[in-house]
Each structure stands twice: as C-alpha cells, then as structure tokens.
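>>> model this:
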Amino acid sequence: MGHLDHATFGWLTPVLSYVMACIGAALGLRCTVRALGATGRSRRNWLVTAASAIGTGIWTMHFVAMLGFGVSGTDIRYDVPLTVLSLLVAMVVVCAGVFAVGYGRDRTRALLIGGLTTGVGVASMHYLGMAAVRLHGDVTYDPTLVGLSVLIAVVAATAALWAALNIKAPLAVTVASLVMGAAVSSMHYTGMLAVSVRVAPSGAALPGATAMQFIFPLAVGLGSYLFLTSAFVALSPTAGEREASASAQQPADSAVGRRPARTA
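Presented below is the predicted three-dimensional model:
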C-alpha cells in the first residue's frame, strides 16, 4: 500500500487552493446578483460569467490541491483529455444550476434542483479528475467517504446558490464566499481521504503529462482569468448605480430644455 501525501509542498497548495475556491465563489455570487437585477441578454451574459467563474474556481482549487498530491513508490501523470473534460464538466453543470436559479419562477424548487445539479456536477468533476491520474498501481475508494464528499458538494452548492439569491451586501458576499471556499475544500479533501493506492512498482514509462507540465500552466491561466474577471466586475456599474446616473441626468436634460431662447 503506497503512502499518500496530500501536501508535498506543505501548506502552500491547501491554502492556495482554498484562496482560488473563495475567489471563484465570490465572483460567481457577485455575477449572479448582477444577473438577478438585469433582464434579457444582459441577464444571460451575467449568468454565463457566474457559471464560468464558479466552475473555474472549483476546478482550479481541485488541481492546485493535486499539485501537492504524491504517492510513495510511484510517479504520477495526468491524462490530458480527461483533465480538460473535467474542466468542461465543471463549467457545464454549474451553468445548468445557475441558470435554474436565474430563470426559475419557483425559487425554492429552482434552488433545490440547481443545488443538486451543481453539487453532483462538482463531485463528478472531482472524480473525473481523479480518473485522469496515472500511476503504477491500483486506486480504490472508500464508498462511505465518497458518499460523504458528494453530500458535502450538494450542500455547498445549494448554500452558494441560496446566498446568490438572498445576499446582496458586499461584506455578506465575502463571508459567504469564505464559507463556500471552505466547503469546496472540505469536499475535495474528504474525497481524497477516500483514496487508497496499492503500488505495483514498475520501470515502465507512465502515459500523460506531469502536473508541472500541464496542470500548473493551465491553473495559472485560469487563475489569471478569475483575477481579470474580478476586476471587470468590480469596475462595472451595478443596476442601482446606472439608475442613479440616469436619474441625475434627467434634471440636467430638463433644465436644458427649459432654458429660454435668446432674442435677437
């Protein structure tokens, strides 16, 4: 049985992965709040941005944490197509959950459907990402811990969507994002505790790419996307700010219309 190390770089990868989860959650919540105050194409665009932010944040959290994953007695490689597929799954299922909340007429039903869809999708992303792991040996899972990790994912997703519907203040969104980040990280490490590896030493080359060759550059790119999108959302005016600006312009326009014409 190989010894599993979930933090080969110490606290660096757990802390950094938690930060990425929090950033993705915060950005997703802010975009969802903007979406609920918009209509038409604008609402759709905000919801797509929210889904991509949450999905990207969760995926980046998972694979940043995986940078610190090691098994004694074997190297580790990652199947590139499966890893990319796990990213697409994360975005698609989160998008489905966010759209269910954004367009659902019955908020309670939409919240339950969206939370279940998103939570199962997040768990699917995690285990699809684990299926991409290539090593010399056999990987098995503890069914109880797997079930617990899926439950945590569903509860975390439902709580995040509830927060998007009910929390508007920036400070409250920040607190909700910290809680969501902790929940996503808990889901990941619960899933990792379910893993056991029976190493079969071999001199054969493993297929796939190393974490530093593939996952690290992709995680950095997605992390940059999150930071840039955060800046865009922060600088974009809210619906209230646009209304206030329009209201401020109306008296000025009326005053110009009432200005008496000059006589020759």
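>>> which residues sit against the one helix or strand Pro217 maps to?
Element membership of Pro217, judged by DSSP states H and E, is helix 216-235. The contact list for helix 216-235 (C-beta atoms under 8 Å, 6 or more residues apart in numbering) reads 20, 23-24, 26-27, 30-31, 34, 49, 52-53, 56-57, 59-60, 63-64, 67, 87. Just so you know, the C-beta spots here come from the backbone N, C-alpha and C atoms, and that holds for glycine as well.
>>> ok, now with 7 Å
With C-beta atoms under 7 Å, 6 or more residues apart in numbering as the contact definition, helix 216-235 has outside contacts at 20, 23-24, 27, 30-31, 49, 53, 56-57, 60, 63-64, 67.
>>> can you tell me which of the residues you listed are in helices?
Among the contacts of helix 216-235, the members falling in helices (DSSP state H) are 20, 23-24, 27, 30-31, 49, 53, 56-57, 60, 63-64.
>>> State the mean pLDDT of stretch 170-182.
What stretch 170-182 shows for mean pLDDT is 81.
>>> in that stretch, what's buried?
Applying a neighbour-count criterion of 16 or more other C-beta atoms under 10 Å, the buried positions in stretch 170-182 are 173-174, 176-177, 179-181.
>>> Might you specify the subset of those residues located within helices?
173-174, 176-177, 179-181.
>>> before we move on, the earlier item: closest one of the ones in helices among the contacts of helix 216-235 to Ala100?
Proximity of these to Ala100 (C-beta to C-beta) peaks at Cys31, which lies at 15.4 Å.
>>> give the contact list for the residue lying closest to that closest one once chain neighbours are set aside.
Once flanking residues are discounted, Cys31 sits nearest to Ala50: 3.5 Å by C-beta to C-beta, 6 or more residues apart in numbering. Contacts for Ala50 were tallied using C-beta under 7 Å, 6+ apart; they are 28, 31-32, 35, 98.
>>> Next one: Ala50, what pLDDT does it get?
At Ala50, pLDDT is 85.
>>> now do His6
For His6, the pLDDT comes out at 83.
>>> what sits against it?
His6 sits next to 68-69, 189, 192 when contact means C-beta under 7 Å, 6+ apart.
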